[in-house]
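Asks: Okay, predicted coordinates and the sequence, questions at the end:
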Amino acid sequence: QVQLAESGGGLVQAGGSLTLSCANSGWSRNVWDMGWFRQAPGQEREFVAAIDGSGEITHYADSAKGRFTISRDIVKNMLYLQMNILKPEDTAVYYCVASPKNGVRGDYRFWGQGTQVTVSS
């Protein structure tokens, strides 16, 4: 069973930075494509960023380009999201995901529980 556990969320002022981490534990250690989604209150869940199994190919939502960086450590089974120049509109619960069903910007088979990021103005 795959278990994804996010950490690193918190409260930060606008313009600040946070790094989210996701630990992939469980019996399956397949090197899937992985990514991050987020969901703000009253909003639909939205794609943020994704990275392929090799860690060399990345994809970003327009809102994340130039400010967020996704990376992974395959040996440690960790996924990261470095977020810079944070804005109040980045406030959301951020979810770690693995194994896309149909494209990296669509649904995924495995989801973490989420970590709250709050950006104050």
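Replies: Thanks, I have it. What you are looking at is a predicted structure, and each value in this text was computed from that prediction instead of being measured.

Asks: middle-most residue in the protein, spatially?
Replies: Residue closest to the mean C-alpha point of the chain, counted by Cα atoms, centre = their mean, is Trp36 at 2.5 Å.

Asks: ok, the residue nearest to that one when sequence neighbours are not counted - contacts?
Replies: For Trp36, ignoring the flanking residues on the chain, the nearest one in space by Cβ to Cβ, 6 or more residues apart in numbering is Val48 at 4.3 Å. Every C-beta, even on glycine, is put in place using the N, C-alpha and C of the backbone. Contacts for Val48 (Cβ atoms under 8 Å, 6 or more residues apart in numbering) come out as 35-38, 60-61, 63-64, 68, 81, 94.

Asks: quick revisit: okay, the residue nearest to the centre of the chain: pLDDT?
Replies: Listed pLDDT for Trp36 reads 98.

Asks: Look up the residues forming beta bridges with it.
Replies: Ala49, Cys96 (DSSP bridges).

Asks: Surely it is in contact with Tyr80?
Replies: No. When contacts are counted by Cβ atoms under 8 Å, Trp36 is not listed as touching Tyr80 (9.3 Å).

Asks: residues shared between the contacts of these two?
Replies: 20, 22, 70.

Asks: So which of those residues are in strands?
Replies: Among the shared contacts of Trp36 and Tyr80, the residues falling in strands (DSSP state E) are 20, 22, 70.

Asks: Kindly state the beta-bridge partners for the first one.
Replies: What it means is Leu20. Bridge pairing for Leu20 - DSSP bridges - gives Leu81.

Asks: That one: what's it in contact with?
Replies: So Leu20 contacts 6-9, 36, 80-81, 83, 94, 96, 115, 117 (Cβ under 8 Å, 6+ apart).

Asks: Repeat the analysis, applying 6 Å as the threshold.
Replies: Neighbour list for Leu20: 8, 81, 94 [criterion: Cβ atoms under 6 Å, 6 or more residues apart in numbering].

Asks: Any chance of those in TSV with distance to Val104 and neighbour count as columns?
Replies: Output for the contacts of Leu20, formatted as TSV (distance: Cβ to Cβ, whole Å; neighbours: other Cβ atoms under 10 Å):
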residue	distance to Val104	neighbour count
Gly8	22	16
Leu81	14	26
Tyr94	16	23
